[in-house]
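K.L.:
Please find the sequence and the predicted model below.
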Amino acid sequence: MKKVFIIVVFLFGLCNQSVKAQKEKSNLSQSYIEKVNVFLGTSGDHGQMSPSASSPFNMMSIGPQTYPHIHAGYEHLAKEFIGFTHTRIEGVGCVGTGGNILIKPILNSIISTPLMKKTENAFPGFYSVSFENGIEAEMRVKHNFGIHHYVFPSAEAGLYIDLSYAFDNRFVAEKHQISGNLITGWVDTQTTCSKGVYRIYFAIEISNVESIEYIEGHKLIVKGAKGAKEINVRIGFSSVNEEYAKIKIESISTVDLTRQTTAEWNHLLSRIKVEGEKDREDLFYSLLYRGLQAPFLISEPNGSYSAIDGTIQKSNDSIYNGWAIWDNYREQLPMLSLNYPEKYGFIIKSIANLYLHGKNNWATHHEPSPTVRTEHAIVVLLDAYKKGYALDFNIIKDSLIAEVGRLDYSAPDKALESSYDSWALSEILKITKDSILSKKYLNKALDYKEYWKKDFADLTKSDIDIMPARGMYQGTVWQYRWFVPFDVKGLKELAGGDNSFVTQLDQFFDGDNYNHANQPDLQVPGLYNASSQPWKSQKLFRNLLLDPFIQSYFNDNSKGVDSYLGRIYKNEPQAYVRTMDDDSGTMSSWFVMRSIGLSPANVGDPIYYLTAPIFKKVSLQWDNKKSFIIEVKNYNKDNFYIKSANLNGKNLERNWLTQQEIQKGGKLILETSSEPNKQWGIENQWISNVKQLF
């Protein structure tokens with residue numbers, strides 16, 4: 001692929017690169033970051049992403065704040081900039097999360113200095129823009145540290161800083177001090193949907209400063225030194241205290257900072273090597289990049305971290321925060337569990353750690369970073385344990401039981417989702433050898449059958465395709481009726497057996513009832529894998545990944561109104577279908593996993609269904625030097641049916657693998673065809689199955 005500046009020019013027509021940025025990039029190893037298009041999903045309600053300068057799992061993300069803006073602060077089509085902000089969670093609802101500390105370059109101390117975009121450029125870890133008035137801005141980031149570099153057309157350089165800025169006016173309070181050219185303090189902000197509060201400690205060091213003055217409230221004016229045409233801003237963050245925020249500020253050069261972040265991105269992106277058509281590779285790495293943004297590493301090098309009860313704790317582990325588990329337990333967390341085990345072990349311990357300090361489904365009033373929701377964390381913990389991650393359930397057992405005791409069964413969708421958590425608790429209690437309580441919660445989980453018979457069995461009612469109906473959240477009867485991932489065998493029996501189950505799945509997809517604009521039915525295309533016709537999942541996955549697909553549902557309660565026919569995943573600013581948010585890497589990770597031929601069968605079991613990769617070759621490589629290779633025999637980019645499979649030299653008739661089989665390394669050869677092999681994948685099937693215990 002050409003350099004990123006060529007991508008941007010040809011895709012967007014207005015994004016040129018400064019000579020300085022070109023030289024800086026030419027000095028970097030770019031084998032993977034050059035494939036990433038950070039402008040994917042940055043326009044309208046087609047992903048709600050941002051081109052901000054970011055580094056992996058980093059709360060600090062310095063990016064443009066435009067007018068108008070989408071949930072992550074930036075609208076690609078907007079010309080007017082408000083300034084630059086420092087936090088965001090990509091693609092989440094409620095008008096976004098974050099948007100802290102606005103910095104705006106200004107001329108002649110005029111706050112209303114217009115910033116109209118002329119050209120812009122960005123790649124992982126770097127963002128730059130030039131404005132029609134001659135001001136130029138560049139942003140660079142590493143973990144909890146960033147640099148702004150501003151160039152002005154005259155010697156009337158200055159900055160406007162609003163410490164109270166946040167998305168959707170969610171600012172709560174701030175306190176700061178000014179000492180020479182250094183501003184230190186903290187800011188409190190309501191997190192997603194105004195649920196809970198997070199605190200960020202900051203330190204801002206500004207070069208070429210004549211003065212820093214209060215103007216009103218929480219707003220400051222920075223006057224550049226006499227004759228200065230450049231201003232640099234170095235900013236550090238911490239979740240613990242101001243001293244750590246000050247320590248984050250380094251004297252590192254901008255080139256070295258970019259080099260370090262580039263190396264970090266390349267290391268993580270290269271863990272999954274794909275070989276195939278250039279456009280597919282570019283789309284893959286652009287989406288994998290989105291799956292590596294969150295959660296955020298919040299602990300300091302000495303092990304200090306701020307817990308969600310407001311206390312400062314110590315840990316020998318790296319501690320993470322910034323959760324969107326309610327969405328990404330389905331896709332992003334399983335993707336991390338398979339491909340990044342050295343990080344996921346700490347992530348999963350951090351989730352378990354929430355239960356020690358008063359976990360809420362949304363957020364507490366002492367969050368150490370922006371965050372969203374944590375429902376189904378119990379399923380994630382079970383999933384991790386079964387995949388070999390070390391967890392001590394005994395120390396959080398009572399908290400897990402208490403959480404499941406608060407589950408809501410008031411609506412049909414909630415009844416099914418709560419049953420899933422009850423099943424997970426039953427499995428965890430079995431691990432702790434509490435057989436009596438395990439049976440209790442397993443039987444409670446199996447009560448889903450009565451809820452299913454009441455609300456999901458009858459497909460003749462007039463409201464089955466209405467969003468929402470019967471009090472369900474962002475979904476229909478059609479979409480939620482399949483949500484029994486822990487007991488698909490039982491679901492098939494409720495549907496009338498395998499033939500009826502397949503017929504109803506056909507009816508679901510033929511009637512355009514599937515909604516990829518949201519998460520409630522994301523697992524449904526894979527359900528054919530648990531039937532006598534698994535080849536239908538192979539076809540559906542390819543259609544959803546690359547082909548034109550009919551999208552009749554959107555999250556504004558419509559079906560068949562302004563329906564869409566086209567690709568769901570596109571490598572452009574309007575990347576996804578309308579109303580399809582990325583939700584902290586959820587929808588990106590869905591693509592990543594299925595594009596390499598793997599699909600989580602049930603979060604809570606270490607099983608992946610197999611489908612045809614969209615690449616000639618996929619290499620999963622881990623830091624322990626082991627690798628798992630997936631090769632496509634007789635590759636044709638348009639073939640998507642699996643004709644045969646061979647694992648480590650032996651024929652493989654089953655259509656699934658375990659995480660252990662994958663992570664111990666080896667080679668899987670998949671032979672594809674333009675026609676389905678209706679005999680492959682129907683033997684030794686893995687179908688989730690729960691039996692009643694009395």
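P.N.:
Ah, there it is.
K.L.:
Have a look at this structure and report its longest helix.
P.N.:
Secondary structure of the chain per DSSP state H: the longest helix is helix 412-431.
K.L.:
Buried residues, that one. List them.
P.N.:
412-430 (16 or more other C-beta atoms under 10 Å). All C-beta spots, glycine's among them, are computed from the backbone N, C-alpha and C.
K.L.:
who's in contact with the residue nearest the centre of the chain?
P.N.:
The structure's the chain has its C-alpha centroid closest to residue 585; by C-alpha atoms, centre = their mean the separation is 1.7 Å. Neighbouring residues of residue 585 by C-beta atoms under 8 Å, 6 or more residues apart in numbering: 90, 91, 290, 291, 292, 293, 294, 324, 328, 331, 332.
K.L.:
tally of neighbours for the second one?
P.N.:
Put plainly, it is residue 91. Using other C-beta atoms under 10 Å, residue 91 has 31 other residues around it.
K.L.:
SS state for the nearest residue to it once chain neighbours are set aside?
P.N.:
Once flanking residues are discounted, residue 91 sits nearest to residue 582: 3.1 Å by C-beta to C-beta, 6 or more residues apart in numbering. In three-state terms, and counting by DSSP: H, G, I helix; E, B strand; the rest coil, residue 582 is coil.
K.L.:
before we move on, back to that, the longest helix of the chain - contacts with which helices or strands?
P.N.:
When contacts are defined as 3 or more C-beta pairs under 8 Å, 6 or more residues apart in numbering; DSSP states H and E, helix 412-431 sits against helix 377-386, helix 397-405, helix 435-445, helix 448-455, helix 477-480.
K.L.:
out of the ones you listed, nearest to residue 189?
P.N.:
Proximity to residue 189 (C-beta to C-beta) singles out helix 377-386 among these, at 22.9 Å.
K.L.:
list the contacts for residue 499?
P.N.:
Residue 499 neighbours (C-beta under 8 Å, 6+ apart): residue 532.
K.L.:
How far away from the center of its chain is the helix or strand containing it?
P.N.:
Per DSSP states H and E, residue 499 falls inside helix 498-510. The chain centroid and the centroid of helix 498-510 are separated by 31 Å under C-alpha atoms, centre = their mean, to the nearest Å.
K.L.:
And the contacts of the following helix or strand past that helix?
P.N.:
For helix 498-510, the following helix or strand on the C-terminal side (DSSP H and E) is helix 535-546. For helix 535-546, the surrounding residues in contact (C-beta under 8 Å, 6+ apart) are 280, 502, 505-506, 509, 516, 525-529, 549, 567-569, 591, 594-595, 599, 609, 611-612, 614, 640-642, 676-678, 680-681.
K.L.:
Stretch 271-284 now?
P.N.:
Outside of stretch 271-284, the residues within contact range by C-beta under 8 Å, 6+ apart are 1, 7, 35-37, 40, 285, 288, 339-340, 546, 569-571, 591-592, 595-596, 613-622, 637.
K.L.:
If we only consider the contacts of residue 585, which is nearest to residue 408?
P.N.:
Using C-beta to C-beta, the contacts of residue 585 come closest to residue 408 at residue 324, 19.4 Å.
K.L.:
how many neighbours does the closest residue to that closest one other than its chain neighbours have?
P.N.:
In this structure, residue 324 finds its nearest non-sequential neighbour in residue 584, 3.5 Å apart by C-beta to C-beta, 6+ apart. Residues near residue 584, counting by other C-beta under 10 Å, number 29.
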